[in-house]
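Engineer: Sequence and predicted structure, then a few things I'm wondering about:
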Amino acid sequence: MKKAVIVAFDKFTDLDIFLPWDLLNRVKFRDKGFQVKIVGTESSHKSVCGIDLTTHGLVEECNDADFVFFGSGPGTRNLITDRMYLDRFKLNPERQIICSMCSGALVIAALGHLEGLSATSYPTAFEALEVYGVEVARDTHLVVHGNIATAAGCLAAVDLIGWAVEKMYDAKVRADVIASVLPVGQGQVCIYP
């Protein structure tokens, strides 16, 4: 059974959590055993827009997940300076797919997984990302190095999650998931209810 976890925190960007949540849950139409969870440090976290999101577990669940996703939001600036928070993660890019949306790349960098790599983020996080010695790809919405991918701009989640789904499964599953959210006339026939 494959497991994907989405990391939530206070002041997360709503779309960066909910769009990947929706896309990843569409994989269940192909693999009923696929598990998607939202994790955090508390039983709930409040988004930038004020939505209280109940979590399904703690961030330690990231350590044995197949796929780990860090969203963005102003809350990332607090996380990257919280050593106790960062020490809860024992991620391994040799066996896990690790991804971020926009300023979520700062968390991956703070964990040491972007050292010597290029990455992308939202423009407001470019300078903070460079502090970690990361070469920032300023005009690219998706940067991939092995099992690590960073994306910029909330709607880039479609390409990012598509890449991860293909890496976990295959191009057919990716195509089916992405086609199910494309505007009518731009994708294949949707097989989802």
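Structural biologist: Great, that's in hand.

Engineer: Excluding chain neighbours, give the residue nearest to H141 in space.
Structural biologist: A156 (4.3 Å; Cβ to Cβ, 6 or more residues apart in numbering). Bear in mind the C-beta positions are built from the backbone N, C-alpha and C, glycine included.

Engineer: Assumed that neighbour was part of a helix.
Structural biologist: Yes. The assignment for A156 (DSSP: H, G, I helix; E, B strand; the rest coil) places it in a helix.

Engineer: I'd say it and T140 touch.
Structural biologist: No. Using Cβ atoms under 8 Å, A156 is not in contact with T140; the gap is 9.6 Å.

Engineer: And the two? Which one has more around it.
Structural biologist: Taking other Cβ atoms under 10 Å, A156 and T140 do not tie; A156 has more neighbours (20 against 14).

Engineer: ok, now which ones touch the more buried one?
Structural biologist: 101, 141-142 (Cβ atoms under 8 Å, 6 or more residues apart in numbering).

Engineer: Swap in 10 Å and give it another go.
Structural biologist: A156 makes contacts with 16, 19, 101-102, 120, 122, 140-142, 150, as judged by Cβ atoms under 10 Å, 6 or more residues apart in numbering.

Engineer: can you tell me how far it sits from N63?
Structural biologist: 26 Å (Cβ to Cβ, to the nearest Å).

Engineer: swap in M101?
Structural biologist: According to Cβ to Cβ, M101 stands 20 Å off from N63.

Engineer: which one of these two has more residues nearby?
Structural biologist: Here M101 and N63 are compared on neighbour count by other Cβ under 10 Å; more neighbours surround M101, at 33 against 14.

Engineer: residues in contact with the nearest residue to that one once chain neighbours are set aside?
Structural biologist: Leaving aside its chain neighbours, M101 sits nearest to D16 (4.5 Å; criterion: Cβ to Cβ, 6+ apart). Applying Cβ under 10 Å, 6+ apart to D16 gives the contacts 6, 8, 47-48, 69-73, 100-104, 122, 151, 154, 156-157.

Engineer: Repeat that for G153.
Structural biologist: 101-102, 120-123, 141-142, 159.

Engineer: Pick the one among those residues closest to E42.
Structural biologist: E42 has its nearest neighbour among the contacts of G153 in M101, at 20.6 Å by Cβ to Cβ.

Engineer: if I pick R138, what's in contact with it?
Structural biologist: 120-121, 123, 126, 152 are the contacts of R138 under Cβ under 10 Å, 6+ apart.

Engineer: now it: how far from Y122?
Structural biologist: 11 Å.

Engineer: shared neighbours of those two, which are they?
Structural biologist: Common neighbours of R138 and Y122 (Cβ under 10 Å, 6+ apart) are A152.
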